[in-house]
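In: this one's sequence-less:
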């Protein structure tokens with residue numbers, strides 16, 4: 001009889017452990033997407049702040065030719081592009097569950113000193129790509145390493161260090177400092 005009781009205790013222990021692990025697994029299955037959405041929203045909010053800081057830097061340096069400022073950009077997720085052809089600075093967050101704005105519509109986040117922050121959420125299957133950019137066309141002529149080209153930087157473990165230099169108002173050259 002004592003042997004039956006010991007076996008029953010072990011069976012109950014295993015059953016309760018399995019039930020507990022199942023409940024934890026179910027909670028994680030529902031909570032993980034929400035946690036990822038909150039994390040992605042925080043990244044996009046930080047990106048808007050970074051673009052606002054870049055805009056402030058640009059408005060500071062266009063006062064006089066030769067002005068140079070250093071800007072650090074920490075990119076833990078997503079890509080940032082300097083689109084010198086269209087005079088824009090863009091951030092792209094790919095494959096997120098977050099619907100940051102109305103899908104497939106350019107939404108203005110607000111006017112800055114020189115540019116305007118725009119947001120676009122593009123649905124891709126069950127996920128979304130979110131693009132945030134500041135358009136400087138008509139205000140500043142951006143170049144990257146003295147060329148009118150698009151340069152994209154991907155996420156990195158260390159921050160990027162950029163030099164923003166007023167070549168001659170309204171021409172600003174951006175270059176990566178290694």
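Out: The structure has been received and is ready for your questions. Please read all numbers here as calculations on a predicted model, not as lab measurements.
In: hang on, residue 45 is in a helix, isn't it?
Out: Yes - the assignment for residue 45 (DSSP: H, G, I helix; E, B strand; the rest coil) places it in a helix.
In: can you tell me how far it is from residue 125?
Out: Distance, residue 45 to residue 125, by CB to CB, to the nearest Å: 25 Å. (Each C-beta comes from the backbone N, C-alpha and C, glycine too.)
In: do the same with residue 177
Out: In this structure, residue 177 lies at 38 Å from residue 125, with CB to CB as the measure.
In: who has more neighbours out of these two?
Out: It is residue 177, of residue 177 and residue 125, that has more neighbours when counted by other CB atoms under 10 Å, with 10 against 6.
In: excluding chain neighbours, give the residue nearest to the more buried one in space.
Out: Closest residue to residue 177 apart from its sequence neighbours, by CB to CB, 6 or more residues apart in numbering: residue 161 at 4.4 Å.
In: and the helix or strand where the one you found lies, what does it pack against?
Out: For residue 161, the element it lies in under DSSP states H and E is strand 160-168. The elements that strand 160-168 packs onto, with contact taken as 3 or more CB pairs under 8 Å, 6 or more residues apart in numbering; DSSP states H and E, are helix 2-61, strand 68-73, strand 171-177.
In: which of the ones you listed sits closest to residue 89?
Out: In terms of CB to CB, the element of the helices and strands packed on strand 160-168 nearest to residue 89 is helix 2-61, at 6.1 Å.
In: check contacts around the residue nearest to residue 177.
Out: Counting by CB atoms under 8 Å, 6 or more residues apart in numbering, residue 161 makes contact with 70, 71, 72, 176, 177, 178.
In: do the same with residue 122
Out: Residue 122 touches 103, 104, 128, 129, 130, 131, counting by CB under 8 Å, 6+ apart.
In: residues contacting residue 91?
Out: When contacts are counted by CB under 8 Å, 6+ apart, residue 91 is found next to 47, 50, 51, 78, 79, 80, 81, 131, 132, 133.
In: now do the third one against residue 92, distance only.
Out: For residue 51, the distance to residue 92 under the criterion CB to CB works out to 13 Å.
In: more crowded one of those two?
Out: Each of residue 51 and residue 92 had its neighbours counted (other CB under 10 Å), and the higher figure belongs to residue 51 (22 against 18).
In: can you give me phi and psi for the spatially closest residue to the more buried one that is not a sequence neighbour?
Out: Nearest-residue entry for residue 51: residue 134, 5.1 Å, with adjacent residues in sequence omitted and distances by CB to CB, 6+ apart. With angles defined as degrees, to the nearest 10, residue 134 shows backbone torsions of phi -120, psi 130.
In: per-residue confidence for residue 134?
Out: In the prediction, the pLDDT value recorded for residue 134 is 95.
In: kind regards, and thank you for your time.
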